[in-house]
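Engineer: can't give you the sequence, but here's the structure:
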C-alpha cells in the first residue's frame, strides 16, 4: 500500500509540471483508451467503430469526463441504430469517408455529445 502511495505521489508531482498541450494529449489519450475497450465476446461492428473513433480523434470527447465516455458510446450506438441507421449503411456500402458521410457523422456525434453534457 505504501508503494502505491509513493507512486501516486510521484506521478502527481510530475503531472503538475506538465504544460497545457501535454495535458490535452494525455486527456485525449485517456479517452481514446476508453473508446477502444470492448467487452468480452462483444465485438463492435466496423461501421460503429468508424463513428466512435472519428469522435475521439477529432476532439469531440475532450470536454466529456472519462466516466461519461461509456454513456456517450451507448447513446451513440442507440442513435446510430435508430435515428441514423442510414448512416451505418452508407459507411458499409461506400467504404470511404465522403463529405456527405462525414457531415452526417459530425451531426450525430454533436447531438450525442450535447445529450451527454446535459445529463448531470
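Structural biologist: Yes, it's here. Worth saying up front: this structure is predicted, and the values here are computed from it rather than measured.
Engineer: where is the longest helix in the chain?
Structural biologist: When every helix of the chain is counted residue by residue (DSSP state H), the longest turns out to be helix 99-118.
Engineer: helices or strands up against it?
Structural biologist: The elements that helix 99-118 packs onto, with contact taken as 3 or more CB pairs under 8 Å, 6 or more residues apart in numbering; DSSP states H and E, are helix 46-57, helix 69-81, helix 85-94. Using the backbone N, CA and C atoms, a C-beta is placed for each residue, glycine as well.
Engineer: for that helix, the averaged confidence score.
Structural biologist: Mean pLDDT, helix 99-118: 95.
Engineer: so what's the gap between that helix and the chain middle?
Structural biologist: With CA atoms, centre = their mean, to the nearest Å as the basis, helix 99-118 stands 12 Å off its chain's centre.
Engineer: begin at 31, not 1, for the rest of this chat.
Structural biologist: Happy to do that; since the first residue is 31 now, the last one works out to helix 129-148.
Engineer: which residues sit in contact with residue 141?
Structural biologist: Contacts for residue 141 were tallied using CB atoms under 8 Å, 6 or more residues apart in numbering; they are residue 109.
Engineer: gap between it and residue 57?
Structural biologist: Noted for residue 141: a distance of 23 Å to residue 57, by CB to CB, to the nearest Å.
Engineer: re the thing from before, quick one, the longest helix of the chain and helix 99-111 angle?
Structural biologist: Between the axes of helix 129-148 and helix 99-111, defined by axes from the mean of the first three to the mean of the last three CA atoms, to 10 degrees, the angle is 130 degrees.
Engineer: please name the residues that touch the most centrally placed residue in the chain.
Structural biologist: Among the residues of the chain, the one closest to the centroid is residue 86, at 4.1 Å (CA atoms, centre = their mean). Listed by CB under 8 Å, 6+ apart, the contact set of residue 86 reads 58, 61-62, 65.
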